[in-house]
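Q: quick one, fold the following:
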Amino acid sequence: MDLKKLAKRISQARKRVGLSQERVEQILGMAQKAMSRIESAERLVSTLELDKLAKLFHMSIQDFFEDKESDDEEFIIALHRATPSLEKSFKFQNEVDRCIQICKKGAFLEQILNLPLKQRSVSYSFKNPNNVLEAIRQGEQAAKEERSRFGIGKLPIFDLVELISSQGIWCASTDLPSEMSGLFLHHSSFGRAILINANHARFRQRFSYAHEYAHALFDSDHKILVSDAKNASDLIETRANAFAAAFLLPEEGISEMIKSFNKGNVSRTIFAISDLADQGVLEEKIRQSVGKQKLTSYDLALISHRFGVSYQACVYRLHSLRFLSQKQREELLEEETQAKKYLKTLNLVDEFEQVDKRSFWQKELKTYMFRLIIEAYRQEKISRGLLMELCNLVDLPAVAVLELAQNEQDNNL
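A: All right, here's what the predicted structure looks like:
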């Protein structure tokens, strides 16, 4: 390798762990100015020195020679090409790049703390669907299997972000163009990540998280997938939508709730009683009152709130499950305003209708990064300066975190 390129990578690795040249020389027993000369390509570095530097920087010797920097640059370039709307706005571009940096720094902290590698425990190897029906079937089948695997059956999913994060996927909300609901990213430097639009209402964010999670399950061979208005009709997007709908709105859970309304039954019930004298069977037919079986906007409002989805998504899901005819679907869609009035009267129009810019949806990411930073500092694997830098990147109060980290360090002396 070119000496200047190697020198640059050694310098980058040193800065990444927050060590000064002088500190490295002290730890490794090197001569004064040795690191300065190595990083300015004024002298060769021996294999033994490379081995010591690699261990100190929590990496392998091979890492110095792999062209990861150009790979990262190509990934960012590919991302911006795949999302032209990011190119038009420095704000959007900067926010997405920042989220990627958080994921990379988090993966680095996991590495130096020797945490187990994050791996997906399941894989869905369906072939790309050939038509809409096949896409829907694949999505719904995977959603049912995922619910079974998580042991949640027919229950609502209350903390969707925590559930997805538990699968080793970085999750964050950030500023994205209005027409873009989310991004799925997959890169060797951080693994899999989901970014969704923080400017959308929470129920839409929940659907976007579930949608991008489907991409993580089905399409992790892609490095970048963009979910926006332009590609909404693509079959892999249809599959992801079908997964999200079935994952958030399980058929069994909906059926149970509808039955609790005393609806969803056949319009005519037949009671059959065997004659004690074996003379035959007595039958009695009871017809339900007209309109009693009809689902109302009030019913749909309660179902949508319970499962944390939009009213519209709920209507479409019930239609797909044949609880509603096409005519009823259109009628209920027109009654969305009335449905919201029901929820407002019950004081239920709050969390899922609001837009919350990161304070709620990034709690998993911030909490996890907080733990990694504290632990890395406690084990003296990152410097004070790097701790402050990481806190600023993740929007954590750097001074307060440093104080807590120092207390943890003192308690373990």
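
Q: pretty sure residue 318 sits against residue 300.
A: Yes - counting by CB atoms under 8 Å, residue 318 touches residue 300, with 7.0 Å between them. Backbone N, C-alpha and C define where each C-beta goes, glycine included.

Q: so residue 203, which state does it fall into?
A: When classified by DSSP: H, G, I helix; E, B strand; the rest coil, residue 203 comes out as helix.

Q: measure it to residue 314 for me?
A: Distance of residue 203 to residue 314, computed by CB to CB, to the nearest Å: 10 Å.

Q: of these two, which one has the most company?
A: The neighbour comparison of residue 203 against residue 314 (other CB atoms under 10 Å) goes to residue 314, with 26 against 23.

Q: so which strand or helix has the nearest residue in space to residue 136 that is not next to it in sequence?
A: Leaving aside its sequence neighbours, residue 136 sits nearest to residue 242 (CB to CB, 6 or more residues apart in numbering; 4.3 Å). Residue 242 is part of helix 235-248 when elements are defined by DSSP states H and E.

Q: again, but for residue 183
A: Per DSSP H and E: strand 180-187 holds residue 183.

Q: that strand pairs with which strands, and in what direction?
A: Strand 180-187 sits in its sheet next to strand 191-197 (antiparallel), strand 224-228 (antiparallel), going by DSSP bridges.

Q: got a list of contacts for it?
A: By CB atoms under 8 Å, 6 or more residues apart in numbering, the residues outside strand 180-187 that reach it are 72, 75, 79, 83, 85, 96, 100, 103, 176, 192-197, 200, 204, 207-209, 211-212, 215-216, 219-220, 222-228.

Q: weed out the non-buried ones from those.
A: Buried positions within these, assessed by neighbour count (16 or more other CB atoms under 10 Å), are 75, 79, 83, 85, 96, 100, 103, 176, 192-197, 200, 204, 207-209, 211-212, 215-216, 219-220, 224-228.

Q: and the helices in the stretch 151-300 of the chain?
A: Remark: helices assigned in the stretch 151-300 of the chain by DSSP state H, counting those that start in this stretch are 160-165, 202-218, 235-248, 251-260, 297-307.

Q: quick one: distance of the last one to the chain centre.
A: Put plainly, it is helix 297-307. Mean-position distance between helix 297-307 and its chain equals 25 Å (CA atoms, centre = their mean, to the nearest Å).

Q: check the third one too.
A: Its chain's C-alpha centre and that of helix 235-248 lie 15 Å apart, by CA atoms, centre = their mean.

Q: what do you get for the second one?
A: On the basis of CA atoms, centre = their mean, helix 202-218 sits 7 Å off its chain's mean C-alpha point.

Q: helices and strands around it, which ones?
A: Applying 3 or more CB pairs under 8 Å, 6 or more residues apart in numbering; DSSP states H and E, we find helix 202-218 packed against helix 132-150, helix 160-165, strand 169-174, strand 180-187, strand 191-197, strand 224-228, helix 235-248.

Q: redo that, cut-off 6 Å
A: helix 160-165, strand 180-187, strand 191-197, helix 235-248 (3 or more CB pairs under 6 Å, 6 or more residues apart in numbering; DSSP states H and E).

Q: could you give the angle of the longest one to helix 297-307?
A: So the one you mean is helix 235-248. 90 degrees (axes from the mean of the first three to the mean of the last three CA atoms, to 10 degrees).

Q: which residues are contacting helix 235-248?
A: Helix 235-248 has contacts (CB atoms under 6 Å, 6 or more residues apart in numbering) with 129, 132, 135-136, 138-140, 142-143, 207, 210-211, 214-215, 231, 307, 309, 317.

Q: and it, C-alpha only, in PDB?
A: The C-alpha coordinates for helix 235-248 follow below in PDB (Å, rounded to 0.1, in the frame of the first residue of the first chain):
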ATOM      1  CA  LEU A 235     -44.200  -5.100  -6.200                       C
ATOM      2  CA  ILE A 236     -41.700  -5.100  -3.300                       C
ATOM      3  CA  GLU A 237     -43.300  -2.000  -2.000                       C
ATOM      4  CA  THR A 238     -46.700  -3.700  -2.200                       C
ATOM      5  CA  ARG A 239     -45.300  -6.600  -0.300                       C
ATOM      6  CA  ALA A 240     -43.900  -4.400   2.400                       C
ATOM      7  CA  ASN A 241     -47.300  -2.600   2.700                       C
ATOM      8  CA  ALA A 242     -49.100  -5.900   3.000                       C
ATOM      9  CA  PHE A 243     -46.700  -7.000   5.700                       C
ATOM     10  CA  ALA A 244     -47.100  -3.700   7.600                       C
ATOM     11  CA  ALA A 245     -50.900  -3.900   7.500                       C
ATOM     12  CA  ALA A 246     -51.000  -7.500   8.700                       C
ATOM     13  CA  PHE A 247     -48.300  -7.000  11.200                       C
ATOM     14  CA  LEU A 248     -50.000  -4.000  12.900                       C
END
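
Q: ok, the residue lying closest to residue 253 once chain neighbours are set aside to residue 262 distance?
A: Distance criterion CB to CB, 6+ apart; nearest residue to residue 253, sequence neighbours excluded, is residue 154 at 3.7 Å. For residue 154, the distance to residue 262 equals 19 Å [CB to CB].

Q: same thing with residue 136?
A: 30 Å.

Q: cool, and residue 180?
A: 42 Å.

Q: quick one, which of these two is more surrounded?
A: With neighbours defined as other CB under 10 Å, residue 180 and residue 262 compare such that residue 180 has more, 23 against 10.

Q: show me which residues of the longest helix along the chain are buried.
A: In terms of residue count, the longest helix belonging to the chain (DSSP state H) is helix 90-112. Within helix 90-112, the residues scored as buried using 16+ other CB under 10 Å are 92-93, 95-96, 99-100, 102-110, 112.
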